[in-house]
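1. Next one to model:
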Amino acid sequence: AGHPGCDRHRVDGPWFVSGSALDRMTPGPELAAALDETWGGGVTGLSDEEIAGVILAWRRCESRAAAGLLAAVGELSRRREAGTDQDLFDHLDDDVSVLLTMTRPAAQGLIGTAASIRRLPATMGALATGRIDRYRADVIAYETALLDAEMAAAVEQLVIEDAPELTSSRLRARLRRAVLAADPDAARRRRQQAAQDARVELFDERAGTAGLAGRDRS
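-> I've put the predicted structure just below:
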């Protein structure tokens with residue numbers, strides 16, 4: 001009498017052992033329901049292998065949620081840009097920062113990622129199916145942002161299959177090599193853009209001390 005997709009079940013929840021149906025399941029309502037059932041029953045009785053499977057399953061669901069968020073923000077940005085009121089588009093970052101209770105630079109970063117990933121269907125697909133996480137998607141979107149749409153999609157294809165197995169630093173390095181080969185002028189444009197948006201930030205550290213940093217637009 002287990003949840004659909006569970007190949008085994010016990011009183012404290014479904015199993016997520018390696019290779020099981022739930023371990024292989026793409027994120028969606030069925031996986032979310034199984035995770036809720038497991039969480040509700042408590043995870044203390046699960047084996048280490050099952051807990052590892054639960055962790056990975058939650059991350060797949062987190063990736064799907066991130067894909068949905070980016071899709072919605074990207075659509076809002078598209079509508080504002082296509083609209084007749086330029087002022088609404090110019091203040092989109094303010095609206096998003098208020099809506100999500102985040103800083104304006106953070107909202108600008110989210111809007112930029114959403115706009116970039118609209119041109120990267122393979123990256124969006126990998127994020128929505130939980131093959132990559134939000135951070136890897138951000139890296140791909142950022143590194144290809146200054147390429148034209150056709151070239152960005154071509155570079156995306158060079159890395160997307162290996163992206164789930166690469167650390168973010170290795171993924172970034174591979175992308176930068178591919179971008180440089182596709183458009184040698186891209187690195188210069190990136191430096192110019194970063195220099196235009198350079199700033200100095202004074203901020204509070206978590207321990208209560210102050211921090212001072214020179215930052216670019218990222």
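
2. pLDDT on the longest helix seen in the chain, on average?
-> In the chain, taking DSSP state H as the definition, the longest helix is helix 48-82. For helix 48-82, mean pLDDT is 96.

3. Can you classify residue 102 as helix, strand or coil?
-> coil (DSSP: H, G, I helix; E, B strand; the rest coil).

4. Next one: it relative to residue 94, how far apart?
-> To residue 94, residue 102 is 11 Å away according to CB to CB, to the nearest Å. Yep, even glycine has a C-beta here, placed from its N, CA and C like the rest.

5. Comparing the two, which shows the higher neighbour count?
-> In this view residue 102 and residue 94 are compared by other CB atoms under 10 Å, and residue 102 has more residues nearby, 15 against 12.

6. Would you mind writing the CA trace of stretch 140-158 as CSV?
-> Coordinates of each C-alpha in stretch 140-158 appear next as CSV, following Å, rounded to 0.1, in the frame of the first residue of the first chain:
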residue,chain,number,x,y,z
ILE,A,140,25.9,28.4,-18.1
ALA,A,141,23.6,31.4,-18.5
TYR,A,142,26.2,33.9,-17.3
GLU,A,143,29.1,32.6,-19.4
THR,A,144,27.0,32.6,-22.6
ALA,A,145,25.1,35.9,-22.0
LEU,A,146,27.2,38.0,-24.3
LEU,A,147,27.0,35.6,-27.2
ASP,A,148,24.2,35.9,-29.8
ALA,A,149,21.4,33.4,-29.4
GLU,A,150,22.6,31.0,-32.0
MET,A,151,26.1,30.9,-30.7
ALA,A,152,25.0,30.6,-27.1
ALA,A,153,22.9,27.6,-27.9
ALA,A,154,25.8,26.0,-29.8
VAL,A,155,28.1,26.5,-26.8
GLU,A,156,25.4,25.1,-24.5
GLN,A,157,25.4,21.9,-26.5
LEU,A,158,29.1,21.4,-25.9
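
7. How far does that stretch sit from its chain's centre?
-> Remark: stretch 140-158 is offset 16 Å from the chain centroid, using CA atoms, centre = their mean, to the nearest Å.

8. ok, the most centrally placed residue in the chain - contacts?
-> Using CA atoms, centre = their mean, the residue of the chain that lies closest to the mean C-alpha position is residue 134, 1.8 Å off. Each residue near residue 134 by CB atoms under 8 Å, 6 or more residues apart in numbering is listed here: 62-63, 66, 127.

9. Present those as JSON lines; the columns should include neighbour count and distance to residue 22.
-> What follows is the contacts of residue 134, written out as JSON lines (neighbours: other CB atoms under 10 Å; distance: CB to CB, whole Å):
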{"residue": "62", "neighbour count": "15", "distance to residue 22": "16"}
{"residue": "63", "neighbour count": "23", "distance to residue 22": "16"}
{"residue": "66", "neighbour count": "21", "distance to residue 22": "21"}
{"residue": "127", "neighbour count": "30", "distance to residue 22": "20"}
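
10. The spatially closest residue to residue 116 that is not a sequence neighbour: which element?
-> Distances taken as CB to CB, 6 or more residues apart in numbering place residue 141 nearest to residue 116, at 3.8 Å, with adjacent residues excluded. Taking DSSP states H and E as the criterion, residue 141 maps to helix 134-144.

11. Many thanks, I have nothing further to ask.
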